[in-house]
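Visitor: I would like the atomic coordinates for the input below:
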Amino acid sequence: MRRWAFCCALVLFIWNAPVHARAAQPMTLLVDARDVARNVLHVELEVPVEDGPTRLVFPKWVPGQHAPANPVVDLVMLAGSVGGRHVAWERDPVDLFAFTFATPPGSATLTLRYDVLLAPGQTTPQLALIDWNPTLLYPSGSAIAADQVAASLLVPSGWQTATALDLPQRGADRISFAPVSIERLFDSPVLAGAHLRVLSLTPDAELDVAGDGPGVPVVHDAVKAHFSALVNEAQALFGAHHWRSPYHFLVTATDAIGYTGLEHHESSWNGVEDQTLASENAAKRFAGDLLCHEFTHSWNGKYRRPAGLVRADDQADETTDLLWVYEGLTEYYSDVFAARAGFWTPAEYRAMLAAKYAYLDAESGRTTRTLADTTFQARLRAGRAAFAGARRASEEYYDEGELMWLDADTLIRERTRGRRSLDAVARAFFGGADGPPAVVPYSREDIVAALNAVLPYDWEGFLRARLDVPTAHPPLDGITRGGYALAFGAKPPTVNPSTRVGGVSGDWRYSLGARIAPAGSVQDVVAGSPAAAAGLVPGMMLVGVDARRYSAAGLSAAVEAAATGQTPIVLLVDNRQTFATLTLRYGGGVKLPYLVRANGTPDIIDDIVRPRRSVPPK
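Guide: Prediction:
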């Protein structure tokens, strides 16, 4: 309000003057992370400019998140100056990620100071995963693959760092990096912490783990061996890698952050719980869907990339319609790698497959939505919390994509009598020659051609039937052709190892038809199920079961009693501060999914997960 007249004059100046390009020299970025315990980064940025107003943009799209998800709202305290004199700025009224600064004639360098607020999930008082994406404003029209940034980082006293960035020069608590392109800077996060452990895995990869302490994080010898085997198995499959050695597994090991992660070309962020790497049993919970998944993206997603995800800058919209390759094929191989590298046993791999098929099959939303349409889900839900998914298919391109690729792999193996496999497609498509990061785009037609090169077949028809029309059930042929059948029972012979996918005790989707948290909150209800018929809806809280206070054990006992006595289960529920008594009629007992061997069929799945190491794929 107090600056209204000046702002009006500034707007007229901006509209009537050209927005000049920046000079050719690198921008200089200093990120002060010494305040991460309070979830704040302090930033100083110097941008070479020419005469006239300067338009800068905040990167909108974060590669790997598949949505314009970079939180521009968390860029605060923005102030500009030239030669020590204040420079006013205006946000674009349409593109809220763009800012115009009224740099006066004769300006050479625009200096910006601002803070970046960090949402919980990347830092604790003892560690931080520093992403560069939310710290940099860059000139509009920049070519992010070419324009350079000289970045430096200040960390708390005594903290150590790990990153794929080249030539870090350390002086006291300041680390300075060699100038790199904007794209490579964004693709190279820094792991920093008071307790950082670095373990060499192979000549081409290392494991960097930061924990909350006290002391350096514990990594079990067998877990380290599985990581090393993972690198070797991936190299055996693809035949080459596309990073400057070593590749960095950047791991935040803390309950305060837990399960999360993001892929990068020469590194990956893997957020796990505090003691995850301290034992084989704990590590396997995060193996396929995180540790192996983000690593596999170095080939599929970073090196070979859908053409719609290759852009000159991070402002242009992505086209995400090929995520069934980017994420689905990555999910397929990341779970295969989890078994080949020894994180999982073959039986645990099969338990994971059963869990993924069963939870996908319980989604009623799949009958009206194609798998291809789910590739836009990250963009559709941007800015709002996800609701229960049984009535609305979500990001099935991950797990249903995996089952589709299992279908393709077993089909190739069956038709060639074991002489060829999907591994040959992966090696030819994602391999190439060892070298630094590069990006090679692809289209759906390229995928079809790569499949036909290994097995001539109607692959476009294969994909169309699974991607482009709604289906009542996810692909089962990969499981049955692989030598197994789906079954349900109260006690599966092997526990599903994945922490992300259902199938553990207390998951009632396959029996009652509901997903219920241990404390009693109803998280999801399957349409047409006994739970839906009884009137359960997401958001309810179970208060009592069969006239006793609710507990997970009590509900299990009630289900068992109903299976033998054929008596209904009586639930007392709190429905948004309104109590109600519901009668649930179900007598089928506890049901959890698992796979059983099909008589008279070859065990193709067992062959798929057999370790390869240096054996070339067929």
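
Visitor: Near the nearest residue in space to G588 that is not next to it in sequence, how many other residues are there?
Guide: Closest residue to G588 apart from its sequence neighbours, by CB to CB, 6 or more residues apart in numbering: S511 at 5.7 Å. In this view, the C-beta of every residue, glycine as well, is placed from N, C-alpha and C. Burial of S511 is recorded as 21 neighbouring residues (other CB atoms under 10 Å).

Visitor: and S511, which of the three is it?
Guide: Following DSSP: H, G, I helix; E, B strand; the rest coil, we place S511 in the coil state.

Visitor: A354 belongs to a helix?
Guide: Yes: assigned with three-state DSSP, A354 falls within a helix.

Visitor: Name the nearest residue to it, sequence neighbours excluded.
Guide: P593 (4.1 Å).

Visitor: which residues sit against the helix or strand hosting N270?
Guide: When elements are assigned from DSSP states H and E, N270 belongs to strand 267-272. Residues outside strand 267-272 that contact it (CB atoms under 8 Å, 6 or more residues apart in numbering): 121, 129, 163-164, 188-189, 191, 247-254, 257-262, 286, 290-291, 294-295, 297-298.

Visitor: What's the separation between A354 and P530?
Guide: Distance from A354 to P530, counting by CB to CB, to the nearest Å: 22 Å.

Visitor: Which one's more surrounded, these two?
Guide: Neighbours were counted for A354 and for P530 using other CB under 10 Å; A354 has more, 25 against 21.

Visitor: Correct me if wrong: that one contacts G489.
Guide: No: applying CB atoms under 8 Å, one finds A354 not in contact with G489, separated by 10.7 Å.

Visitor: Please enumerate the shared neighbours of these two.
Guide: Going by CB under 8 Å, 6+ apart, residues that sit against A354 and also against G489 are Y594.

Visitor: what's the span of stretch 236-246, first residue to last?
Guide: Taking CA to CA, to the nearest Å, the first and last residues of stretch 236-246 lie 17 Å apart.

Visitor: Run the chain-centre distance for that stretch.
Guide: Relative to its chain's centre, stretch 236-246 lies at 21 Å (CA atoms, centre = their mean, to the nearest Å).

Visitor: Could I get the buried residue list for that stretch?
Guide: Buried positions in stretch 236-246, judged by neighbour count with 16 or more other CB atoms under 10 Å: 236-239, 241-243, 246.

Visitor: Let me know the closest of those to A472.
Guide: A472 lies nearest to L237 out of those, by CB to CB, at 33.6 Å.

Visitor: Mind telling me what element that closest one is part of?
Guide: L237 belongs to helix 221-238 when assigned by DSSP H and E.

Visitor: So for that helix, mean pLDDT?
Guide: On average, the pLDDT along helix 221-238 is 97.

Visitor: do the same with stretch 347-364
Guide: Stretch 347-364 carries an average pLDDT of 93.

Visitor: Output it in CSV with nothing but the alpha carbons.
Guide: Output in CSV follows, covering the C-alpha atoms of stretch 347-364 (Å, rounded to 0.1, in the frame of the first residue of the first chain):
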residue,chain,number,x,y,z
ALA,A,347,10.3,-66.1,-2.5
GLU,A,348,10.2,-62.5,-1.2
TYR,A,349,10.2,-61.3,-4.8
ARG,A,350,7.1,-63.4,-5.5
ALA,A,351,5.4,-62.2,-2.3
MET,A,352,5.9,-58.6,-3.6
LEU,A,353,4.4,-59.5,-6.9
ALA,A,354,1.3,-61.0,-5.3
ALA,A,355,0.8,-58.0,-3.1
LYS,A,356,1.1,-55.6,-6.0
TYR,A,357,-1.4,-57.5,-8.1
ALA,A,358,-3.9,-57.9,-5.3
TYR,A,359,-4.0,-54.2,-4.3
LEU,A,360,-4.3,-53.1,-7.9
ASP,A,361,-7.1,-55.6,-8.5
ALA,A,362,-9.0,-54.2,-5.5
GLU,A,363,-9.2,-50.7,-7.1
SER,A,364,-12.7,-50.1,-8.5
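
Visitor: Same question for it: list its buried residues.
Guide: Buried-residue list, stretch 347-364, by 16+ other CB under 10 Å: 347-364.

Visitor: what does stretch 30-48 give?
Guide: Of the residues in stretch 30-48, 30-34, 36, 39-43, 45-48 count as buried by neighbour count, 16+ other CB under 10 Å.

Visitor: For those, name the two members farthest from one another.
Guide: Going by CB to CB, the pair spanning those furthest: N39 and P48, at 30.9 Å.

Visitor: where does G106 land in three-state SS?
Guide: Under three-state DSSP, G106 comes out as coil.

Visitor: circling back: identify the residues contacting the helix or strand that the strand holding N270 is followed by?
Guide: Going down the chain from strand 267-272, the next helix or strand is helix 280-283, by DSSP H and E. Outside helix 280-283, the residues that touch it by CB under 8 Å, 6+ apart are 220, 222-223, 226, 273, 275-277, 291, 343.

Visitor: Find out how far stretch 254-272 is from the centre of the chain, if you would.
Guide: 9 Å.

Visitor: Next up, phi/psi of L592, please.
Guide: For L592, the backbone dihedrals (degrees, to the nearest 10) come out as phi -130, psi 150.

Visitor: If you could redo that for G565, that was the one I meant.
Guide: phi -100, psi -10.

Visitor: Check I608 too.
Guide: In terms of degrees, to the nearest 10, the main-chain angles of I608 are phi -60, psi -40.

Visitor: Just list the residues touching it, thanks.
Guide: I608 makes contact with 336, 406, 409-410, 413, 421, 482 under the criterion CB under 8 Å, 6+ apart.

Visitor: By neighbours, which of these wins?
Guide: Compared across these, V336 has the highest neighbour count, 29 neighbours, by other CB under 10 Å.

Visitor: Please report how far that residue lies from V545.
Guide: Applying CB to CB, the value for V336 to V545 is 41 Å.

Visitor: looking only at pLDDT, what's the mean for stretch 86-101?
Guide: For stretch 86-101, the mean pLDDT works out to 97.

Visitor: And that stretch, what's buried?
Guide: For stretch 86-101, burial by neighbour count (16+ other CB under 10 Å) applies to 87-90, 97-101.

Visitor: now stretch 165-177
Guide: Along stretch 165-177, these residues count as buried under the neighbour rule (16+ other CB under 10 Å): 165, 175, 177.

Visitor: give me the number of residues near A143?
Guide: Counted by other CB under 10 Å, the residues lying close to A143 total 11.

Visitor: now do the one 10 residues further on
Guide: A count of neighbours around L153, defined by other CB under 10 Å, yields 27.

Visitor: Apart from its chain neighbours, what residue comes closest to L112?
Guide: L45 (4.4 Å).

Visitor: contacting residues around that neighbour?
Guide: 27-30, 111-114, 136-137.

Visitor: and the gap between W508 and V190?
Guide: Distance, W508 to V190, by CB to CB: 43 Å.

Visitor: low-scoring pLDDT stretches of the stretch 301-450 of the chain, where are they?
Guide: Applying pLDDT under 70 to the stretch 301-450 of the chain flags the ranges 382-393.

Visitor: change it to 80
Guide: Residues of the stretch 301-450 of the chain that meet the criterion pLDDT under 80 lie in 381-394.

Visitor: now the helices for it?
Guide: Under the criterion DSSP state H, counting those that start in this stretch, helices of the stretch 301-450 of the chain are mapped to 323-326, 328-340, 346-361, 377-380, 399-415, 422-430, 444-454.
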